[in-house]
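Student: any chance you could fold what I've pasted below:
(2 chains)
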Amino acid sequence: QQPVQSPQAVILREGEDAVINCSSSKALYSVHWYRQKHGEAPVFLMILLKGGEQKGHDKISASFNEKKQQSSLYLTASQLSYSGTYFCGGGDGGATNKLIFGTGTLLAVQP
Amino acid sequence: DGGITQSPKYLFRKEGQNVTLSCEQNLNHDAMYWYRQDPGQGLRLIYYSQIVNDFQKGDIAEGYSVSREKKESFPLTVTSAQKNPTAFYLCASSGDRAIPNQPQHFGDGTRLSIL
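Tutor: Residues are numbered from 1 along each chain as shown, chains lettered A, B, ... in the order given. Next up, the predicted model:
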């Protein structure tokens, strides 16, 4: 079963903050985050490998709670360029790099 | 520049017809993947391959077939058995299969529609 993301959609004004959550019923060994602009390819943002790990670049960061099988993506002082659909991808810790992608969160940043 | 090339960008299929979507990568990646994306939904895995001449079914393989005769190429055939093929198809690849947790790199996708 695919991870569930919340909220399904969010509308922000430029400069506002947002949090996107990813929750799995299966064990997560790693969490990947991607952003997809409409009609384009998903673009890799970051990977979190260990429970409790936090990462970030620019004003986008993420955390991973391995025990709760949850990850959150934090977007601070959002910019118009942040608009798109965000997907989390759960790694199963197996011998492959196969991912199970979440349901997606549509983020729209308005001027 | 290294990357993943999918072609065509748009494809139309007639009833009862098989069509093949091309995916080529020059990243020297071991693994390749095919996903299907329906409007407003996430990515679902169709097939994946970790090495030449080997591939495994994903979650929605019925009605699809693949081959991996060369490291750079992983074509997907949508057969007539796939009754609802209209979707956005994405190909991806990831690096050294001996190293876990590699990020996936995506092509620009092929949009398939039924005539």
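Student: is stretch B:7-16 positioned near chain A?
Tutor: No. Stretch B:7-16 stays clear of chain A (CB under 8 Å from any CB of the partner chain), getting no nearer than 9.9 Å. C-beta here means a position set from N, CA and C on the backbone, and glycine is covered the same way.
Student: pLDDT (mean, whole number) over that stretch?
Tutor: Mean per-residue pLDDT for stretch B:7-16: 91.
Student: what's in contact with that stretch?
Tutor: By CB atoms under 8 Å, 6 or more residues apart in numbering or on different chains, the surrounding residues in contact with stretch B:7-16 are B:19, B:21-22, B:78, B:80, B:85, B:108-115.
Student: farthest-apart pair in those residues, please.
Tutor: Greatest spatial distance in the contacts of stretch B:7-16: B:S80 and B:D108, 26.1 Å, computed using CB to CB.
Student: so what's the backbone phi/psi at B:A81?
Tutor: Backbone geometry at B:A81, expressed as degrees, to the nearest 10, gives phi -70, psi -20.
Student: do A:G90 as well
Tutor: phi -100, psi 130.
Student: next one: A:S81
Tutor: Note on A:S81: its backbone torsions stand at phi -70, psi -10 [degrees, to the nearest 10].
Student: how about the nearest residue to A:G15, chain neighbours excluded?
Tutor: Among residues not flanking A:G15 along the chain, A:A77 sits closest, at 5.4 Å (CB to CB, 6 or more residues apart in numbering or on different chains).
Student: what do you get for B:S49?
Tutor: If the residues on either side of it in the chain are set aside, B:S49 comes closest to B:F55, at 3.9 Å by CB to CB, 6+ apart.
Student: against chain A, how distant is that neighbour?
Tutor: Per CB to the nearest CB, to the nearest Å, B:F55 is found 11 Å from chain A.
Student: doesn't B:S80 fall inside a helix?
Tutor: No. The assignment for B:S80, made by DSSP: H, G, I helix; E, B strand; the rest coil, is coil rather than a helix.
Student: for it, what are its contacts?
Tutor: B:S80 neighbours (CB under 8 Å, 6+ apart): B:15-18.
Student: show the buried residues in those residues.
Tutor: Buried members of the contacts of B:S80, scored by 16 or more other CB atoms under 10 Å in any protein chain shown: none.
Student: can those go into JSON lines with extra columns for secondary structure and distance to A:L107?
Tutor: Below are these laid out as JSON lines (DSSP: H, G, I helix; E, B strand; the rest coil; distance: CB to CB, whole Å):
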{"residue": "B:E15", "secondary structure": "coil", "distance to A:L107": "38"}
{"residue": "B:G16", "secondary structure": "coil", "distance to A:L107": "41"}
{"residue": "B:Q17", "secondary structure": "coil", "distance to A:L107": "38"}
{"residue": "B:N18", "secondary structure": "coil", "distance to A:L107": "38"}
